[in-house]
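1. prediction below, plus the sequence it came from.
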Amino acid sequence: MALAHAIMTALIDADLSGYELARDFETSMGFFWHASHQQIYLELHKLAEKSLLNKREVQQSGKPNKIVYGLTKAGRDALAEWVYKESKHRAAKDELIIKLYNLSADNAAHLAAEISERRTQMMRLLYVYEKIRMRHYGDPVSLPTRSKGAYLALIRGLGQGQQFLAWCDEALELIGSVDPAIRS
């Protein structure tokens, strides 16, 4: 998926400034598709040049004017066409997995510490996911159609996170068999 499609998706329901889009992106699609603010702004300009987005200047008092972007008909058509194309699954690149191929008694404690830190990070992320689920998706069946799609993405993230925690626990136990000092 190109970043362009994620940005156009974020603009389906409302016109947003680059700042608003980047902020909202971090707390929704950003969980599943990483993009820096700079990448988002660059892509907004490209999409506007291709007439897939319109942009308008909004006057603000006491602040610089802001540029607000919205989907054009051509943008909506391009997004609708993209939905029907085959989705590409991209394998994750994770250095830690390659490091595990080098597991030894000498580095076991270090690798266990990395896994423990990843586990802690995942626990924090799962807490955020769960707060979002409870706040916005209490009754998934009664959600509007597009919100059902966002809910499905969220529960996929929850499931993957829970699976990752189980992997961390198994990995730490197994690495503990290499270096018994890790278990304590």
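-> Thanks, I have the structure now.

2. what's in contact with stretch 165-179?
-> Residues outside stretch 165-179 that contact it (C-beta atoms under 8 Å, 6 or more residues apart in numbering): 100, 103-105, 108-109, 111-112, 115-116, 118-119, 122-123, 126, 182-183. To be clear about C-beta, it is placed using only N, CA and C from the backbone, and glycine gets the same treatment.

3. avg pLDDT for the helix ranked longest in the chain?
-> The residue-count maximum for a helix in the chain (DSSP state H) belongs to helix 145-178. Here helix 145-178 scores 93 as its mean pLDDT.

4. now do stretch 111-118
-> On average, stretch 111-118 scores 96.

5. who touches it?
-> Here stretch 111-118 has contacts from 96, 99-100, 103, 164, 168, 171-172, 175-176, 179, 182, using C-beta under 8 Å, 6+ apart.

6. in the chain, which spans are strands?
-> 16-17, 53-58, 66-71 (DSSP state E).

7. the second one to strand 66-71, inter-axis angle?
-> Going back to what we said before, that points to strand 53-58. In terms of direction (axes from the mean of the first three to the mean of the last three C-alpha atoms, to 10 degrees), strand 53-58 departs from strand 66-71 by 150 degrees.

8. report the distance from strand 53-58 to the chain centre.
-> Put simply, strand 53-58 sits 26 Å off its chain's centre (C-alpha atoms, centre = their mean, to the nearest Å).

9. residues touching Arg56, list them.
-> So Arg56 contacts 15, 67-68, 70 (C-beta under 8 Å, 6+ apart).

10. could you chop the protein up by domain?
-> 3-83, 95-182 (automatic domain parsing).

11. can you tell me which of the ones you listed is most buried?
-> Among the domains of the chain, domain 3-83 has the highest mean neighbour count (mean count of other C-beta atoms under 10 Å), at a mean of 15.

12. average model confidence for that one?
-> 90.

13. please report how far the most centrally placed residue in the chain lies from Ala153.
-> For the chain, the residue nearest the mean C-alpha position is Phe31 (1.9 Å; C-alpha atoms, centre = their mean). In this view, Phe31 and Ala153 are 8 Å apart by C-beta to C-beta, to the nearest Å.

14. can I get the CA coordinates of stretch 8-21 in CSV?
-> Taking Å, rounded to 0.1, in the frame of the first residue of the first chain, the C-alpha atoms of stretch 8-21 are listed here in CSV:
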residue,chain,number,x,y,z
MET,A,8,-6.8,9.4,1.2
THR,A,9,-8.5,6.9,3.5
ALA,A,10,-7.9,9.3,6.4
LEU,A,11,-9.6,12.0,4.4
ILE,A,12,-12.8,10.1,3.5
ASP,A,13,-15.0,11.6,6.2
ALA,A,14,-13.5,15.0,6.8
ASP,A,15,-11.1,17.6,5.3
LEU,A,16,-8.0,18.0,7.5
SER,A,17,-4.9,20.1,7.6
GLY,A,18,-1.5,18.4,7.3
TYR,A,19,-1.0,18.8,11.1
GLU,A,20,-4.4,17.3,11.9
LEU,A,21,-3.9,14.5,9.5
